[in-house]
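[1] The following block contains a protein sequence and its predicted model.
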Amino acid sequence: MTDRKIIVKVPASTANLGPGFDTLGMALSLYSWLEMSLPRSGKTVIELHGEGLDGIPLDKSNLIYKVAQLVFAEADIEIP
C-alpha cells in the first residue's frame, strides 16, 4: 500500500474588530495544519500537536473527524 496523505493548511483570522462588527477581520500569521492518511493498522488515530488543545476529543467524536467523514462520503471515497 502506498502512503497517500492529504495536508490542509488553514489560516487563522479574527473577526469583530471594534466598530466593524462582522464586516472587518484581520488575517494572522497563525495556521492550523491538518494531515490525513490511511493508517496501516486500519484504526483511527487522532494526534494533536500544539498549545491549547486540552479537552479536544481524540476519538471519532472529534469534529474534524466527523467533517472528514462527510467530505469522503461526498467524494465517493470509501475509508476504513
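    Everything's here; your move.

[2] you'd agree residue 67 is in a helix?
    Yes: counting by DSSP: H, G, I helix; E, B strand; the rest coil, residue 67 is part of a helix.

[3] any idea how far residue 32 is from it?
    13 Å (C-beta to C-beta, to the nearest Å). Where C-beta positions appear, they are placed from N, C-alpha and C, glycine not excepted.

[4] again, but for residue 60
    When residue 60 is compared with residue 32 (using C-beta to C-beta), they lie 20 Å apart.

[5] residue at max distance from the center of the chain?
    In the chain, residue 19 marks the outermost C-alpha relative to the chain mean, sitting 30.8 Å out by C-alpha atoms, centre = their mean.

[6] Tell me which strands the lengthiest strand in the chain pairs with, and in which orientation.
    Across the chain, the longest stretch assigned as strand under DSSP state E is strand 25-37. Strand pairing for strand 25-37, determined by DSSP bridges: strand 5-15 (antiparallel).
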